[in-house]
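Peer 1: quick one: sequence and predicted model below, then my questions.
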Amino acid sequence: MKIICNPAGIVDEKRPRQGLQDIVDAGFDETLLSTGFCCPQQRFEGMARERRIAEAEHLIYVPDHPDMVEKAMEPFIEAAKQIGVKMSYCLASFLPRDRKNPELNQIIVPIIEEAVRLAVRNGCKGIIVRPLYAGISVQDEWSVNYPYLIHLSEIANEELQKLDKERRETLSGAFQILIENQCKYQEGHLVRGVFSDPYEINRWLETLQQEAQDRDYDVHFGLCMNTGILSICGMDIYEFTMEVSRWIGAVVIQDNDGHVEDGLMPFSCVRRYGFQTRWLEVIRGLRSISFDGLLILNIESSAKHYPPLLRPEMLKLSKSIMDYFVWQVHMADAMKKYDHVVLFGAGNMCRNYLKNYGEKYPPLFTCDNNPARWGEDFYGIKIESPEKLRDLPENTGIFICNIYYREIEKQLQDMGITEGIEFFNDEFLQTFYMDRLRGL
Amino acid sequence: MLEIGVQTHNAVMDSDPAAGFKMMHDAGFQCADFSLNMYLKNTDLYEERLNAFFDASIEELEQFFTPHKEAARANGIRIHQMHMPYPNFIPGVSDHINDYLIKEMAPKSMKLCKFFDCRYIVVHGLKVKEYYGSEAAEWEATEKFLDKILPLAKEMEITVCVENIYTSSGRHILEGPCCDARKAAARIDRINDKYGAEVLGFCFDTGHANLVGIDFEKFIKILGHRLKVLHIHDNDGVADLHQVPFTFTKTRENKPSTDWDGFIRALRAIGFDGVLNFETAPVLKSFPEELRPQALHMLAEIGNYFSSEITKDR
């Protein structure tokens, strides 16, 4: 899985270096080539005012000059190159959700087209775009978007043809146009919008892909699955993931309260009763499809409003969170590494290991610090003294099945065991078996 | 014109059911949605509190509800639909409670539905996805429950209606059982084929759909003729408030944030000829007692508006 940090909220249009450096210093090695840098959605809110501000600050007002996207992106690209942060995917600008005037589509489309050109010219492997939605009725969603999206593939193909042979060879595989799932502005309430129904997504992408194939374009259509949008739409993220799995090229990880389209740091939007986003379904879904594509972090709102002096620390934590997602999704990979597995802990987490992984990766035994339990049979395996861990077969992984991970890890290290210590976690397992439920 | 209905909860009291049905009739309703669920409340069930209501024999229960049935008839109100108590299965509680719900509550609810000459009974699907991991496994459990009551439904010529309901994460409401219209439609068709009768249908709940951002128009059109009953109510998109349609606005333009136009278009498109039923019991509590008849009248007028819009080309 490739982790990418969306620069929104972090990288400033006037001084891009600091934000990009913060991204790299936090441990990310990749960001998005985002035209939101020079043309964020705010440019379409109060356009006369935005135009005046741009003029006063000697910036290019991109909505008036879509042909100057490339020039307006130069500071970003230059800084990224100097700092050494990769940009293998582009993110195209988009309109605010609440715009109802369909004429705005005529302004955003040329900007998106320029973003496609920019992406190909800069060696990106793909671009993330939104379908058009401003002022478009449900009945017209497809008829308006089909020619628009096909035209983007045409532009990408044309640009690809212009690249010299050497540069083309560095682009392995077809250029990806990843379309992002959307919500709709229903008079202040965000509901399911264009490209949100998984069955429609399948139908759209099948048709678009077939057309690109028929035209012999070196372009592949796919889905950029935005989990924040799915959460706002109240959708079952696991079921959505399973339904559209074959199309998912990128997954955007962002948190929100389920109502406002914020990009908050994952796991940060909690209420008394838990997470507002059902991360359980996100992880279950990605794990079920063995997702190995792009995992894009969007923390625009958190980053923008965090005290600048603390932002680097916040970014480091965000990187750890993304690593945690990867670890959760591929948790079983840790078991694959070993010839044998033993567990530490004989409680619910151990039981959940056995229920979910016990058959595929059967442990030799589990151990517990409570002598009263030694020798006990626990769901088919024996509970042993931790002392037994001193005498394990070669290449055995010790999976700690207890939330006191660090304390137990220290105990093992104090015993001289330093190799093969792994953490197991049951917070986001595929199932939570409760035997009594089996009755129905 | 379509018939207009409203739930009995907060309108019809056991102490004087005639007064409640009269108030409904005077407000302009022709139908009622009998709130059987209020006799075994979900809030109690989640706390593992079982009352003794369904311990009574079916004869005793029928006797208990005879005044209600007679009062409805006397006031020109037809019991069109009924809500079975829910949940009908609770993960993690003692087997005794779940056995009771399946073996006592559910069949007696079906028999009471028949007693009221009521054609439709609304049930909730099981909420066990978190444990079983997938919607398919969750539905399998729901279907096992349905298989316990659908033979009765066939025998009594009742259609059991599954309803789109929700689950939650933190304080955020998310789609729960029966929120996928395509799957619901396919399952209803398959089960009705299996039973050789229209034993299963759908209850579309506008409030629940609004909470989880479902596109009313698309959803209802997919359901088509399988849509048998309605729970019409409104909310702010955040909490399940069961309030008066057209109440909630979120912008300076003051346009409704619930897609009532889509609702009307869809019912018109599928040729809906059922009852426009309001599930708005909290409205009666939120207004002072003196204003309850007017509040009910307002709901009936909204129903009439929906009806005229839905049927205007017929």
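Peer 2: Yep, it's here. Bear in mind that the values here come from a model prediction, so they are computed numbers and not experimental data.

Peer 1: chain B contacts on the stretch 151-300 of chain A?
Peer 2: Residues of the stretch 151-300 of chain A that fall close to chain B, judged by CB under 8 Å from any CB of the partner chain: A:183, A:186-192, A:197, A:199, A:231-236, A:238-239, A:242, A:257-259, A:269-278, A:280, A:284. The way it works is simple: take the backbone N, C-alpha and C, and place the C-beta from them, glycine included.

Peer 1: list buried residues within those.
Peer 2: For these, a burial check counting by 16 or more other CB atoms under 10 Å in any protein chain shown picks out A:183, A:186-192, A:197, A:231-236, A:238-239, A:242, A:257-259, A:269, A:275-278, A:280, A:284.

Peer 1: strands - which of those residues land there?
Peer 2: A:C183, A:Q186, A:H189, A:L190, A:V191, A:R192, A:F275 (DSSP state E).

Peer 1: of those residues, which pair is most distant in space?
Peer 2: A:Q186 and A:F275 (24.6 Å; CB to CB).

Peer 1: for A:L160, give its distance to A:D218.
Peer 2: Distance from A:L160 to A:D218, counting by CB to CB, to the nearest Å: 5 Å.

Peer 1: cool, and B:A71?
Peer 2: Distance from B:A71 to A:D218, counting by CB to CB: 74 Å.

Peer 1: which of those two has more neighbours?
Peer 2: For B:A71 versus A:D218, the count of surrounding residues by other CB atoms under 10 Å in any protein chain shown is larger for B:A71: 18 against 15.

Peer 1: next helix or strand past the lengthiest helix in chain B?
Peer 2: When chain B is parsed with DSSP state H, its longest helix is helix B:135-156. Downstream of helix B:135-156, the first helix or strand assigned by DSSP states H and E is strand B:159-163.

Peer 1: just how off-centre is that next one within its chain?
Peer 2: Chain-centre distance of strand B:159-163: 8 Å, with CA atoms, centre = their mean, to the nearest Å.

Peer 1: quick one: is it near chain A?
Peer 2: No: against chain A, strand B:159-163 shows no contacts by CB under 8 Å from any CB, the least distance being 15.6 Å.

Peer 1: quick one: the helices in the stretch 151-300 of chain A?
Peer 2: For the stretch 151-300 of chain A, applying DSSP state H, counting those that start in this stretch gives helices covering A:165-170, A:198-214, A:227-232, A:237-244, A:279-288, A:300-305.

Peer 1: swap in chain B?
Peer 2: Counting by DSSP H, chain B has helices at residues B:17-27, B:42-46, B:58-74, B:95-100, B:106-115, B:129-132, B:135-156, B:181-195, B:206-211, B:216-223, B:260-269, B:281-286, B:292-311.

Peer 1: out of the ones you listed, which is the most enclosed?
Peer 2: helix B:206-211 (a mean of 26; mean count of other CB atoms under 10 Å in any protein chain shown).

Peer 1: what about A:D426, which helix or strand?
Peer 2: Per DSSP H and E: A:D426 is located in neither a helix nor a strand.

Peer 1: can you pull the contacts of it?
Peer 2: A:N348, A:M349, A:N352, A:Y353, A:N356, A:C401 (CB atoms under 8 Å, 6 or more residues apart in numbering or on different chains).

Peer 1: by contact count, what packs against the longest strand seen in chain A?
Peer 2: If you go by DSSP E, chain A has its longest strand at strand A:219-226. For strand A:219-226, the elements it packs on are strand A:126-129, helix A:141-162, strand A:175-180, helix A:198-214, helix A:237-244, strand A:248-253, judged by 3 or more CB pairs under 8 Å, 6 or more residues apart in numbering or on different chains; DSSP states H and E.

Peer 1: any idea how far the longest one is from the chain center?
Peer 2: Averaged C-alpha coordinates place helix A:141-162 at 25 Å from its chain's average position (CA atoms, centre = their mean).

Peer 1: may I see the buried residues of it?
Peer 2: Across helix A:141-162, burial judged by 16+ other CB under 10 Å covers A:141-142, A:144-145, A:149-150, A:152-157, A:159-160.

Peer 1: again, but for the fourth one
Peer 2: Of all the residues in helix A:198-214, those buried under the rule 16+ other CB under 10 Å are A:P198, A:I201, A:W204, A:L205, A:L208, A:Q209, A:E211, A:A212.
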